[in-house]
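> okay, sequence plus prediction incoming.
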Amino acid sequence: MPSLVPPDPPLTDGVLVLGMVGDDDVDAVTEACQDPSIPRWTTVPQPYTRADAEAFVSEMAIDWREGNAAAFAFRRPGEDRLDGLISVSLVGQGIGVMGYWTAPWARGQGLATRALVLVGDWAFRDLGLARLDLATLPGNAGSERVAHKAGYRGGRLVEAAVNQRGVRRAAHIWTLHAPSHP
Ligand SMILES: CC(C)(COP(=O)(O)OP(=O)(O)OC[C@H]1O[C@@H](n2cnc3c(N)ncnc32)[C@H](O)[C@@H]1OP(=O)(O)O)[C@@H](O)C(=O)NCCC(=O)NCCS
């Protein structure tokens, strides 16, 4: 697939700015992923080491280059430390799959919702995607709320929808259609 081109200027809504994930983010990613709720509700390794963060940063650069996925670090303008990560994986047929977490030090301020809206708008507008999906494991009320606030609907429970560290798990699937594909 063709390379993905990072948005220029960077995506921002004035509260958050989204940039590429880089080597400078390794420490913050490692620190954030010590919070048990991130491995609990996502597919990141557990335990999470600095080597995992380094591998993640390298893989995300390859994904941009090979057109597989676009991952962003989100942070407050002017701040060095990231407040979270969000990615959209291109799975074919105009469909993207979103994944995200907010670092424990930045939760409860609407940041995940803002990031999800910003990346969703970009994916529809610049990547021409028709549909975005996201999967929440049963019980993840926080992420369900984020998805709902960003306009995602559905929530059907699909068996074996997520591969979490080698275990196939049921998940709720939430969907947002492009404005031109109601
Ligand atoms: C879920 C998560 C992404 C929320 O991030 P956040 O930046 O704090 O979310 P927001 O501030 O945008 O919250 C949006 C809404 O969700 C609600 N919410 C957030 N976390 C919640 C929780 N744990 N339980 C219930 N509601 C929650 C907020 O109150 C807010 O609703 P409101 O505006 O009606 O008050 C974050 O807690 C996280 O990273 N969790 C671990 C990893 C994870 O679950 N990732 C998603 C995998 S699908």
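That came in fine, so what should we check first? Numbering: from 1, shown residues only.
> residue contacts, the closest residue to Tyr152 other than its chain neighbours?
Counting by C-beta to C-beta, 6 or more residues apart in numbering, Tyr152 lies nearest to Trp174, which is 3.8 Å off, once chain neighbours are set aside. No exception for glycine: its C-beta is placed from N, CA and C like everyone else's. Contacts for Trp174 (C-beta atoms under 8 Å, 6 or more residues apart in numbering) come out as 133-136, 144, 147-148, 152-155.
> how about the backbone phi and psi for Trp122?
phi -60, psi -40 (degrees, to the nearest 10).
> can stretch 166-173 be found next to the ligand?
No: Stretch 166-173 does not reach the ligand (C-beta under 6 Å from any ligand atom); its nearest approach is 8.3 Å.
> that older thread, could you list which of the contacts of Trp174 also contact the ligand?
Answer for the contacts of Trp174 near the ligand (C-beta under 6 Å from any ligand atom): Thr136.
> out of the contacts of Trp174, who's the most crowded?
Ala147 (27 neighbours; other C-beta atoms under 10 Å).
> shaky segments in the protein?
181-182 (pLDDT under 70).
> mind telling me what element whatever residue of it ends up closest to the ligand is part of?
For the chain, the residue closest to the ligand is Gly142, as judged by C-beta to the nearest ligand atom, at 2.7 Å. Assigned by DSSP states H and E, Gly142 belongs to helix 141-149.
> off-centre distance for that helix?
13 Å (C-alpha atoms, centre = their mean, to the nearest Å).
> and the helix or strand that that helix is followed by, what's buried?
Scanning forward in sequence from helix 141-149 by DSSP H and E, the next helix or strand is strand 153-164. Neighbour-count burial for strand 153-164, counted by 16 or more other C-beta atoms under 10 Å, picks out 161-162, 164.
> same thing with stretch 101-116?
Applying 16+ other C-beta under 10 Å to stretch 101-116 flags 101-103, 106-107, 111-116 as buried.
> do the same with stretch 63-80
Neighbour count says stretch 63-80 has 63-64, 68-75 buried, by 16+ other C-beta under 10 Å.
> one step back: so what touches the helix holding Gly142?
41, 100, 112-113, 116, 134, 136, 155, 172, 174.
> mind giving me the packing neighbours of the helix ranked longest in the chain?
Longest helix in the chain, counting residues (DSSP state H): helix 50-66. The criterion is 3 or more C-beta pairs under 8 Å, 6 or more residues apart in numbering; DSSP states H and E, and the helices and strands that helix 50-66 contacts are strand 17-20, helix 26-32, strand 69-75, strand 84-92.
> mind doing that once more with 7 Å?
With contacts defined as 3 or more C-beta pairs under 7 Å, 6 or more residues apart in numbering; DSSP states H and E, the packing partners of helix 50-66 are helix 26-32, strand 69-75.
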